[in-house]
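**Q** test case, fold it:
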Amino acid sequence: MHPEVTAVQALEGFSLLLTFANGERRLFCVEPYLDRGVFKELRDPAYFRSVRAMSGFIAWPHEQDFSPDTLYLRSVPVAESVRAG
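**A** Next comes the predicted model:
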């Protein structure tokens, strides 16, 4: 089991900046999921930005969500230069 998400920030290009309970910050790209079922609604940039961290995972108002395991395994660590920016 991977660490839970404690914070999320929507970025340009359908990416998310995630902060995990262990202090790691990682980038997760949602773009590969945008053509799948309920995730199609995330194509709307305003709706995409409505993402929230809740109970260790992330979710949008219409119940689209990603588990901490998926987010951790399919994300990449944030480079130091991005953290400073």
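**Q** quick check, W60 in contact with L42.
**A** Yes - W60 lies in contact with L42 (CB atoms under 8 Å); the separation is 6.8 Å. C-betas here are computed from N, CA, C, even on glycine.
**Q** got any residues that touch both of the two?
**A** Listed as contacting both W60 and L42 by CB atoms under 8 Å, 6 or more residues apart in numbering are F48.
**Q** tell me how many other residues surround L27.
**A** L27 has 15 neighbours, counted by other CB atoms under 10 Å.
**Q** need the contact list for it.
**A** 11, 15-18, 75-78, 82 are the contacts of L27 under CB under 8 Å, 6+ apart.
**Q** residues contacting the residue nearest the centre of the chain?
**A** For the chain, L16 is the residue whose C-alpha lies nearest the centre (CA atoms, centre = their mean; 4.1 Å). Residues near L16 by CB under 8 Å, 6+ apart: 8-10, 27-30, 51, 58, 71.
**Q** repeat that with 6 Å
**A** Shown in contact with L16 (CB atoms under 6 Å, 6 or more residues apart in numbering): 8, 28.
**Q** what's the model's confidence in the helix or strand where it lies, averaged?
**A** Assessed by DSSP states H and E, L16 sits inside strand 15-20. Across strand 15-20, pLDDT averages out at 98.
**Q** number the chain from 41, please
**A** Okay, residue one is now 41; in that scheme the one you just asked about reads as strand 55-60.
**Q** could you export the next helix-or-strand element following it as CSV, CA atoms only?
**A** Downstream of strand 55-60, the first helix or strand assigned by DSSP H and E is strand 65-69. What follows is strand 65-69, C-alpha atoms only, in CSV (Å, rounded to 0.1, in the frame of the first residue of the first chain):
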residue,chain,number,x,y,z
ARG,A,65,5.6,15.6,-4.3
ARG,A,66,4.9,13.8,-7.6
LEU,A,67,3.4,14.7,-10.9
PHE,A,68,0.5,12.6,-12.3
CYS,A,69,-0.7,13.0,-15.9
